[in-house]
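Trainee: give me a 3D structure for the following:
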Amino acid sequence: MKFKCVFLVLLFFTPRCYSQWVEVASIGVNQSCNNYVGYATDFIDENSVAWWYQTNSCSPTQHAYFSITRTNNSFASNSYLSIPPLSSFNYSACYNHNKELKDVDFVSGDSIYILYECGGYPFFVRTFDGGTTWSDLSTNNRPPNLTFINGKLGYGFFNNNFYRFWSDSLYFVSTLSSALINYQELYFADSLNGYVLFGRSQNDHTADSIIKTNDGGLTWLNSPIPNGRKFDSKSLQVINNTVAYVYADSGDVFKTSDGGNTWVKNIKYDSLGYIQFLSEDKLYNMVSLAGNSYFSMSADSGSHWVTSVLPNYYIFGFRMINDSVGYANGSLPSGGPNMKFLKIESNAIGIQETEKKENILNVFPNPNNGNFKIQTNIGLERILLEVFNIYGEIIYSSMIPQSGSGEIHLNCARPGIYFVKASNGKYINISKVVVE
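Mentor: The predicted model follows:
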């Protein structure tokens, strides 16, 4: 059935005292033998960022290793996090063997837990002084990847067993059904209230069910979500012991206000990328398309947004530390060996309304066969209309008059999901369209 669909209705604001993202560091990564296999980043606080990467083995004499680096002064200087030889009974396993990083948790700038393996033996170490001194917590048994509530309390799964880590010791808590062993992510609001995302496969990084606990993991209950929904493994965000959000690959964002007993669709955001809920009402989104990234902010649970452009950056991840300071990391669209770190900082980054305008982008019919019409009201001037595929490549571009009406003919487009972007230098609308 052909129908007219309004995909995205946003209220855009012209912000006051709004600061742009600024590149603060370009960090080179050792890529000897071209064996660099990836890195991760942790944005810790307003001044502290840590990043680490893992390599594969280049040759029988050049073994795999990992490197952890951080800054405590907003990239004025960086320091390598050195883990000295410890007194573990199996430390000799690290000599002439691959060293593989399994988990890093920066609870704070000073409290750090690291899990790694050498020659098949597990090593679990921690520091409470930022890496000056380390304690070896290793045993014969590999501990689970832990989620820490504070510097001494953490929780984690190993196989289908749930453990509590307290004051340098690991305690068995409960066993879950074997049907739920493919867990993707563990989240705790406090020492008692937590959630776990589970999926059908540990490898595709998606989840389709949630369980919850209100007693620190002694008992677990199903937390019902709409049937057929799939969630990215990083999509659950816990605000407090009653409020949490989870977003689906469809763009639907669901909210619970009763500790996971019920979930209600909160918003639908068709250009959803990396999203962060700073509080129950304030959320941020970052999406990359065609060599640029777009940063959006909302102060009312997604009803109204303000968007800015990060030109010539492909963003991998970001975090707002608070409503004044945030960090992002990524690369140039062409790639390259350097990680790019950006920072946004202002005393008034919050959305402040000085000018309000309702902007509507209608796409119809939708779905369609590649031929469709658009109507938008963003313009007092000519509007640039672009269509992107899911890889961020521009497959169509044209100018439409300020009336905001236009037709698009994607005669060679394959069936799939595409994004339509309308912009006039001041406002930006991005909506999803399906070609069948």
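Trainee: sec struct for residue 73, please.
Mentor: Look at residue 73: counting by DSSP: H, G, I helix; E, B strand; the rest coil, its state is coil.
Trainee: burial count for the nearest residue to it once chain neighbours are set aside?
Mentor: Excluding its sequence neighbours, the residue lying closest to residue 73 (C-beta to C-beta, 6 or more residues apart in numbering) is residue 47, at 5.7 Å. (C-beta placed from N, C-alpha, C; glycine too.) Residue 47 is flanked by 14 other residues according to other C-beta atoms under 10 Å.
Trainee: contacts only, for residue 47.
Mentor: Going by C-beta atoms under 8 Å, 6 or more residues apart in numbering, residue 47 touches 71, 72, 73, 74.
Trainee: the same query, at a cut-off of 6 Å, please.
Mentor: Residues in contact with residue 47, defined by C-beta atoms under 6 Å, 6 or more residues apart in numbering, are 72, 73, 74.
Trainee: could you dump those residues into TSV and include pLDDT?
Mentor: As requested, the contacts of residue 47 are arranged in TSV below (pLDDT from 0 to 100):
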residue	pLDDT
72	90
73	91
74	89
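Trainee: show me which of these is closest to residue 217.
Mentor: residue 72 (33.4 Å; C-beta to C-beta).
Trainee: the closest residue to the closest one other than its chain neighbours and residue 71, how far apart?
Mentor: Spatial nearest neighbour of residue 72, chain neighbours left out: residue 48 (5.0 Å); criterion: C-beta to C-beta, 6+ apart. For residue 48, the distance to residue 71 (C-beta to C-beta, to the nearest Å) stands at 7 Å.
Trainee: and residue 225, by the same measure?
Mentor: Taken as C-beta to C-beta, the span from residue 225 to residue 71 is 38 Å.
Trainee: ditto for residue 116
Mentor: 22 Å.
Trainee: got it, and residue 118?
Mentor: Counting by C-beta to C-beta, the gap from residue 118 to residue 71 is 27 Å.
Trainee: pLDDT weak spots in the stretch 251-400 of the chain?
Mentor: Scanning the stretch 251-400 of the chain for pLDDT under 70 picks out the ranges 251, 267-272, 335-337, 346-360, 377-381, 390-392.
Trainee: show me where it has strands.
Mentor: 252-256, 264-268, 274-277, 283-289, 292-298, 304-311, 314-320, 325-331, 338-345, 356-364, 371-376, 383-388, 394-400 (DSSP state E, counting those that start in this stretch).
Trainee: a markdown table please, covering these and showing distance to residue 163 and mean neighbour count.
Mentor: A markdown table is the format used below for the strands of the stretch 251-400 of the chain (distance: least, C-beta to C-beta, whole Å; neighbours: other C-beta atoms under 10 Å):
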| stretch | distance to residue 163 | mean neighbour count |
| --- | --- | --- |
| strand 252-256 | 25 | 21 |
| strand 264-268 | 33 | 15 |
| strand 274-277 | 28 | 20 |
| strand 283-289 | 32 | 21 |
| strand 292-298 | 37 | 22 |
| strand 304-311 | 40 | 18 |
| strand 314-320 | 27 | 20 |
| strand 325-331 | 31 | 22 |
| strand 338-345 | 33 | 19 |
| strand 356-364 | 49 | 17 |
| strand 371-376 | 53 | 19 |
| strand 383-388 | 44 | 20 |
| strand 394-400 | 49 | 14 |
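Trainee: select, out of those, the one closest to residue 23.
Mentor: That would be strand 338-345 among these, by C-beta to C-beta, at 5.2 Å.
Trainee: how close does the residue sitting nearest the centre point of the chain sit to residue 383?
Mentor: The centroid of the chain falls nearest to residue 274 when counting by C-alpha atoms, centre = their mean (4.9 Å). Between residue 274 and residue 383 the computed distance is 27 Å (C-beta to C-beta).
Trainee: could you do residue 247 as well?
Mentor: Applying C-beta to C-beta to residue 247 and residue 383 gives a distance of 29 Å.
Trainee: and if you look at residue 420?
Mentor: Taken as C-beta to C-beta, the span from residue 420 to residue 383 is 12 Å.
Trainee: do residue 166 as well
Mentor: For residue 166 relative to residue 383 (C-beta to C-beta), the value is 59 Å.
Trainee: now do the contacts for the residue nearest to the centre of the chain.
Mentor: Contacts of residue 274 by C-beta under 6 Å, 6+ apart are 286, 317, 318.
Trainee: again, but for residue 133
Mentor: With C-beta under 6 Å, 6+ apart as the criterion, no residue contacts residue 133.
Trainee: which SS class is it?
Mentor: Secondary structure of residue 133, per three-state DSSP, is coil.
Trainee: what's the spacing between it and residue 102?
Mentor: Distance, residue 133 to residue 102, by C-beta to C-beta: 22 Å.
Trainee: state the number of residues packed around residue 138.
Mentor: 21.
Trainee: make sure it is actually in contact with residue 125.
Mentor: No - counting by C-beta atoms under 6 Å, residue 138 stays clear of residue 125, with 7.3 Å between them.
Trainee: follow-up on the earlier one: any chance of the strands of the stretch 251-400 of the chain in TSV with distance to residue 195 as columns?
Mentor: Formatted as TSV, these follow (distance: least, C-beta to C-beta, whole Å):
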stretch	distance to residue 195
strand 252-256	9
strand 264-268	16
strand 274-277	14
strand 283-289	18
strand 292-298	23
strand 304-311	27
strand 314-320	20
strand 325-331	25
strand 338-345	29
strand 356-364	34
strand 371-376	39
strand 383-388	33
strand 394-400	39
